[in-house]
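*Asks:* predicted coordinates and the sequence they were generated for:
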Amino acid sequence: MTAAPHRDHGFEEPCAAGLKLYERALREGLLRAEDITEAPCLTGFGLLHPAPDDPTRLEPVAPAAALNRMLRASRGRIADEHRREDRLVEQFEPLIRTAGPRAAGAGAGTPLLRLHTGTGRIDRAITEAMAEAHREVLCIQPHTGLTGPRGEAAHDAAYARDQALLDRGGRIRTLFQHTALHLPTVHAHNERLSGDTEARCLDELTDRLIVMDRTVAFLPADDDGTLALEVRHPALITYFVTTFDRLWRLATPMYPESVRRPTLNGVTPRQRAIARLLVEGHTDTAIAERLGMNVRTARDHIAKLAATLGSESRAQLGFLIARSGILELDGAAR
């Protein structure tokens with residue numbers, strides 16, 4: 001009985017026969033050339049190569065080295081796809097402007113939406129839109145962004161965009177989560193800027209949002225920040241601005257002058273935010289995610305809240321929160 005013919009495939013989809021023989025080569029050190037007739041992809045993809053002292057035998061390339069080479073090839077192919085997409089965008093953007101609203105789809109009433117792929121293209125799109133803005137930028141920043149050298153470069157680019165708008169006489173309003181209150185990078189960014197800029201903070205925020213001159217908005221289209229949606233439809237822009245303004249009125253001033261929220265009945269503002277989520281039945285993990293903190297910090301706050309209210313169990317804590325009236329007091333303070 002002859003073996004089934006080898007199916008052609010790319011290196012990103014290794015075949016079962018090839019993986020089995022490669023594993024065997026790693027264990028034994030060498031294979032005979034005739035041993036891999038059912039998986040010629042092993043030499044084609046450079047996973048096996050002739051032994052220097054015996055060309056009839058094949059020795060394996062280290063898995064880490066092979067993987068690194070394949071990943072480089074994969075990244076190169078992805079970069080080529082992005083370059084092709086960029087060329088398509090450059091070719092069609094003049095046509096879209098020529099055709100006007102109908103370029104967005106079936107008719108003049110179709111929302112104008114654009115999907116940007118990759119952090120580089122997203123940054124370019126935001127930078128180009130910021131260069132055209134001259135009145136106001138509204139920004140929701142639930143997360144503080146990158147750290148390290150890449151983060152510093154991103155902060156520098158954001159500072160240059162923001163300062164250029166302020167120099168043109170525009171203003172910037174930004175909403176942060178309360179966890180940003182103690183981050184030096186956030187304060188440093190605001191203090192570097194010269195012009196009409198304000199920042200406020202809330203316990204919970206929506207996903208990231210940037211609205212420029214109430215004509216264009218950017219929002220994430222995935223979870224890892226590699227896709228962004230550019231929106232220019234007036235009805236959607238109005239909705240985003242209305243949402244921002246309502247959150248802004250609920251938020252606590254943070255910059256240029258900060259306002260310290262009061263402790264009520266021995267319970268801190270952060271603990272009151274946690275208490276609201278506790279009585280709604282959320283887990284520690286869900287609470288931490290919604291409030292922008294790690295689970296350990298959330299549990300520390302829960303423990304302090306329980307001690308303040310005299311609770312001995314999770315179930316009793318929910319009852320004591322409701323009876324204490326701290327959530328009603330929080331609403332009145334706002």
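*Replies:* Alright, I've got the coordinates.
*Asks:* list the contacts of Leu205.
*Replies:* Applying C-beta atoms under 8 Å, 6 or more residues apart in numbering to Leu205 gives the contacts 140-142, 175-177, 247. No exception for glycine: its C-beta is placed from N, CA and C like everyone else's.
*Asks:* mind checking which of these are in strands?
*Replies:* If you go by DSSP state E, those have 140-141, 175-177 in strands.
*Asks:* in CSV: these, plus neighbour count, distance to Arg57 and pLDDT.
*Replies:* Output for the ones in strands among the contacts of Leu205, formatted as CSV (neighbours: other C-beta atoms under 10 Å; distance: C-beta to C-beta, whole Å; pLDDT from 0 to 100):
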residue, neighbour count, distance to Arg57, pLDDT
Ile140, 23, 62, 92
Gln141, 19, 59, 88
Leu175, 24, 65, 91
Phe176, 25, 63, 88
Gln177, 20, 61, 82
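*Asks:* which one among those residues gets closest to Gly225?
*Replies:* Gln141 (12.6 Å; C-beta to C-beta).
*Asks:* mind listing the residues bridging to the closest one?
*Replies:* Gln141 has these beta-bridge partners by DSSP bridges: Phe176.
*Asks:* distance-wise, check it relative to Asp207.
*Replies:* Gln141 is 10 Å from Asp207, where distance means C-beta to C-beta, to the nearest Å.
*Asks:* chain center to the helix of greatest length in the chain: distance?
*Replies:* Assignment by DSSP state H gives helix 63-99 as the longest helix of the chain. Its chain's average C-alpha position is 20 Å from that of helix 63-99, according to C-alpha atoms, centre = their mean, to the nearest Å.
*Asks:* next helix or strand past it?
*Replies:* Proceeding N to C from helix 63-99, the next assigned helix or strand is strand 113-117, under DSSP states H and E.
*Asks:* quick one, helices of the stretch 151-300 of the chain?
*Replies:* If DSSP state H, counting those that start in this stretch is used as the criterion, the helices of the stretch 151-300 of the chain fall at 184-192, 234-250, 269-279, 284-291, 295-309.
*Asks:* same question for the longest one: list its buried residues.
*Replies:* Of the residues in helix 234-250, 236-237, 240-241, 244, 247-248 count as buried by neighbour count, 16 or more other C-beta atoms under 10 Å.
*Asks:* now the angle from it to strand 113-117?
*Replies:* On the basis of axes from the mean of the first three to the mean of the last three C-alpha atoms, to 10 degrees, helix 234-250 is oriented at 70 degrees to strand 113-117.
*Asks:* pLDDT (mean, whole number) over helix 234-250?
*Replies:* The pLDDT scores in helix 234-250 average 90.
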